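**Student:** give the three-dimensional model of this entry:
(one chain, ligands or ions: 2)
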Amino acid sequence: MIKLAPSILAADPLNLEREVLRVEQSGCDWLHIDVMDAHFVPNLAYGPDVVRSLKRVTRLPLDVHLMMDHPERLLETFLDAGADGVTIHAEIDHPVSPLLRRIRERGVRAGLALKPATPMDAVVPFLHETDLILCMTVEPGFGGQKLDTRVLDKIQMLHHTGYHGEIQADGGIREDNLASLINRGLTVAVMGTALFHSDDLPALVSRLHALKEISQ
Ligand code: DX5
Ligand code: ZN
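**Tutor:** Residues are numbered from 1 along each chain as shown. Ligands and ions are numbered 1, 2, ... in the order given. Okay, here's the model as predicted:
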């Protein structure tokens, strides 16, 4: 069954606790926290204190997506704050292996993300050091964008390598395009707008969870 990871970027910032409980009670599986440094991406969002506070109010695993040029500067702080998964970007200017190893040493799911234009080859040497690969389906930085269908092939390619970890996508995922992602091997869908702006979230979540996985 596909795992749904609501991105709090699309939640009402003035009622974050209420919004998180709403997605938790609707049956979502993870909570996705988009961290942005206004340098790697042209936006600024969330710090470790938000993760620490969320840890206190929800049982959902906290899936932290570091859209940062220097994730190493706050990695320990995010790990201490209670992240259950930390994803760094393959495009940063320094080696990803030491960071992936550190995340795993702390018993946390280690993820590596690719922007839409970054080829899958960029992560192949590191697959064995990861528990999750995030194929961004929009240019990172903002919610509410249109899914870039060119990324579907990347997801399928990763699935066909027999990758053992989670295959995640993030950006522009809706009820009308999720099946096409699942059919290519997606296991975790990050959804912001489509979930938080739904007028019947529990019904939407059960429909999305019912979408069939690909026949093996
Ligand atoms: C982009 C963000 C978005 C957000 C979800 O950096 O990561 O992808 O999580 O966006 P929507 O609202 O398109 O689901
Ligand atoms: Zn994200």
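
**Student:** so for stretch 191-204, what gets flagged as buried?
**Tutor:** Buried residues in stretch 191-204, counted by 16 or more other Cβ atoms under 10 Å: Met191, Gly192, Thr193, Ala194, Leu195, Phe196, Ser198, Leu201, Leu204. To be clear about C-beta, it is placed using only N, CA and C from the backbone, and glycine gets the same treatment.

**Student:** and the residue of this structure closest to ligand 2?
**Tutor:** At 3.5 Å from ligand 2, His65 is the closest residue in the chain, using Cβ to the ion.

**Student:** how about the secondary structure of that residue?
**Tutor:** strand (DSSP: H, G, I helix; E, B strand; the rest coil).

**Student:** ok, it - contacts?
**Tutor:** Residues near His65 by Cβ atoms under 8 Å, 6 or more residues apart in numbering: His32, Ile33, Asp34, Val35, Thr87, Gly111, Ala113, Leu134, Asp170, Val190.

**Student:** touching, Tyr163 and Asp131? I think so.
**Tutor:** No. Under the criterion of Cβ atoms under 8 Å, Tyr163 makes no contact with Asp131, lying 10.3 Å away.

**Student:** the closest residue to Leu31 other than its chain neighbours: how many residues sit nearby?
**Tutor:** Spatially, and ignoring its direct neighbours in sequence, Leu31 is nearest to Leu60 (4.2 Å; Cβ to Cβ, 6 or more residues apart in numbering). Look at Leu60: counted by other Cβ atoms under 10 Å, it has 20 neighbours.

**Student:** distance between the ends of stretch 173-192?
**Tutor:** 8 Å (Cα to Cα, to the nearest Å).
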